[in-house]
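S.K.: Just a sequence and a predicted model for now, questions to come.
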Amino acid sequence: MASRPEPRFSTRLRVRVRGVDSFGHPFQQDAYTRDISRGGARLDGTPCVIDQAAVIEIQHRGRRARYKVVWIGGYGTALHAQAGLQCLESGECIWGHLPAPSAPMTRFS
């Protein structure tokens, strides 16, 4: 199995998700992270009607960034209502300060 380009940190953070659903209707709702990294996140509680490859906005503590939905958990599976996201904006990480990649930390709180 290939290693990931950056470490992930398991944490539950409340975020606001905004976007357009697969029917073309705008939505906004709260969700929670399951894990985060400088360039992405896995969310829990995402709308079931968003499409893979959709671009959504994530807000956390006054910071916001656009993310691309790279995968969506299938209905009836353990990953239902989860989505994997890739940040589309370079620069500041909306999660605040994350430990350096070489840090031996496995949990971020």
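M.R.: Cool, got the structure.
S.K.: measure the most centrally placed residue in the chain to Arg66 for me?
M.R.: Centroid-nearest residue in the chain, with C-alpha atoms, centre = their mean: Ala41, separated by 3.1 Å. Distance of Ala41 to Arg66, given as C-beta to C-beta, to the nearest Å: 12 Å. Every C-beta, even on glycine, is put in place using the N, C-alpha and C of the backbone.
S.K.: What of Glu92?
M.R.: 13 Å.
S.K.: Could you check which of the two is surrounded by more residues?
M.R.: Ranked by neighbour count (other C-beta atoms under 10 Å), Glu92 and Arg66 place Arg66 first, with 14 against 10.
S.K.: so what's the more buried one up against?
M.R.: Shown in contact with Arg66 (C-beta atoms under 8 Å, 6 or more residues apart in numbering): Val55, Ile56, Glu57, Ile58, Cys87, Leu88, Glu89.
S.K.: try 6 Å
M.R.: Val55, Glu57, Leu88, Glu89 (C-beta atoms under 6 Å, 6 or more residues apart in numbering).
S.K.: Helix, strand, or coil at the second one?
M.R.: Right, Glu57. Using DSSP: H, G, I helix; E, B strand; the rest coil, the structure places Glu57 in strand.
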